[in-house]
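Peer 1: Got a predicted model here, sequence first, then my questions.
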Amino acid sequence: KEGDPIAAFYRLVEVQSDKATVEITSRYAGTIAKLQYNAGDIAKVGLPLCYIQTQDAQADPAPAPLASPAVRNLVRLHNLDITKIK
């Protein structure tokens, strides 16, 4: 719930699809700042499940663009700004 502390790699949620059940873990240590869904809601692919406030960042950062690992690697190799690529 909002306001709860969270450790890096702690299990946030369990996501179910037609083919698999997957545990989603936290990438950051901090405090749950805002939940985007309630238990049992259907979440949209690519949208944040929650926002985590860390000591180093704001609670509501701009969402990172979706990109595959291969695309992120090309962006890094060519020193591009991924937020400007459409």
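Peer 2: Yep, that arrived. Keep in mind the model is a prediction, meaning the values are calculated, not measured. Numbering: from 1, shown residues only.
Peer 1: And for the residue most central in space within the chain, nearest residue in space, chain neighbours not counted?
Peer 2: Computing the C-alpha centroid of the chain and ranking residues by Cα atoms, centre = their mean puts Pro48 first, at 5.2 Å. Leaving aside its chain neighbours, Pro48 sits nearest to Gln36 (5.7 Å; criterion: Cβ to Cβ, 6 or more residues apart in numbering). For the C-beta atoms, the positions are set from N, CA and C on the backbone; glycine is no exception.
Peer 1: Would you enumerate the residues in contact with the most far-flung residue of the chain relative to its centre?
Peer 2: Note on the chain: the largest C-alpha distance from the chain mean falls to His78, namely 24.8 Å (Cα atoms, centre = their mean). Counting by Cβ atoms under 8 Å, 6 or more residues apart in numbering, His78 makes contact with nothing.
Peer 1: and it, what pLDDT?
Peer 2: Looking at His78, its pLDDT stands at 90.
Peer 1: just for this protein, where's the confidence low?
Peer 2: Flagging of the chain using pLDDT under 70 yields the residue ranges 56-65.
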